[in-house]
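1. this one's structure only:
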């Protein structure tokens, strides 16, 4: 990769171009905008709790995880693969934009859409589901912001093993299922057997979801929060290294 630089002007231009392509692709736009909302309704029927407030809180934290996975991760895998196969990435790389700017610019619209949807979820949760507002909003925001580079990197890495946009649904399925079942989106990790829970704590999205849950409900000790932060940072570091090593800028042959 080229030297990692970030020019706000070039980043904004790349982001606008990607947003234009996203708006033109109605199927992808529908998945990015409508699918998370529908999944929250599904979560509402699945998630249980000791009371209405607990169930509403679990629904919203699970909904945040679904937005991150669907809008950032799965949508970006398709975007990176499409731009690669259309030689867009190769052409961009011959210009002034650096590798990091190209990848970040492609991810920018998805990140903004995810942040807007998460904010809307918090407001709608309080208004419709009767969920309490986060006890520590800064901790929720920290978890969400940490998830953006993590999942964007995961998307770039997954795209290296994805031959076409049509197969993106298959290559993204493993991380989606593992995160949904093991990182606490659908079920409380504390309800799992101790050995299984210990393994699930090390999954890519587990640290992020631990921060989000702690920010929403409170009651989490500093040791657990530190562990969640270290896990997330470790995964970001590993992902960045893997993207530098294996990301493909030219079409697969």
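-> Received it, and whenever you're ready, just let me know what you need. Everything numeric here is computed off the predicted structure, so don't read it as measured data.
2. next SSE after the helix or strand that contains residue 168?
-> According to DSSP states H and E, residue 168 maps onto helix 168-171. Following helix 168-171 in sequence order, the next helix or strand is helix 173-182 (DSSP H and E).
3. centre of the chain to that following helix, how far?
-> Mean C-alpha position of helix 173-182 versus that of the full chain (CA atoms, centre = their mean, to the nearest Å) differs by 12 Å.
4. heads up, I number from 577, so please use that
-> Done: numbering now begins at 577, and the last item shifts to helix 749-758.
5. now do the following helix or strand past that helix: everything it contacts.
-> For helix 749-758, the following helix or strand on the C-terminal side (DSSP H and E) is helix 770-776. Defining contact as CB atoms under 8 Å, 6 or more residues apart in numbering, one finds that helix 770-776 is touched by 758, 759, 760, 765, 766, 768, 782. Bear in mind the C-beta positions are built from the backbone N, C-alpha and C, glycine included.
6. any idea how far helix 770-776 is from the middle of the chain?
-> For helix 770-776, the separation from the chain centroid amounts to 22 Å (computed by CA atoms, centre = their mean).
7. any buried residues in that helix, and which?
-> 773, 776 (16 or more other CB atoms under 10 Å).
8. how about residue 731: what's its closest non-neighbour residue?
-> Leaving out its chain neighbours, the residue that sits closest to residue 731 by CB to CB, 6 or more residues apart in numbering is residue 652, at 3.5 Å.
9. confidence score at the one you found?
-> Residue 652 is assigned 92 on the pLDDT scale.
10. which stretch of helix or strand covers it?
-> helix 651-661.
11. so how far is whichever helix or strand comes after that helix off the chain centroid?
-> Note on helix 651-661: by DSSP H and E, the next helix or strand toward the C-terminus is helix 664-669. Taking CA atoms, centre = their mean, the mean C-alpha location of helix 664-669 is offset from the chain mean by 24 Å.
12. residues making contact with helix 664-669?
-> With contact meaning CB under 8 Å, 6+ apart, helix 664-669 is reached by 578, 590, 656, 658, 659, 660, 675, 678, 825, 826.
13. I appreciate the help and will end here.
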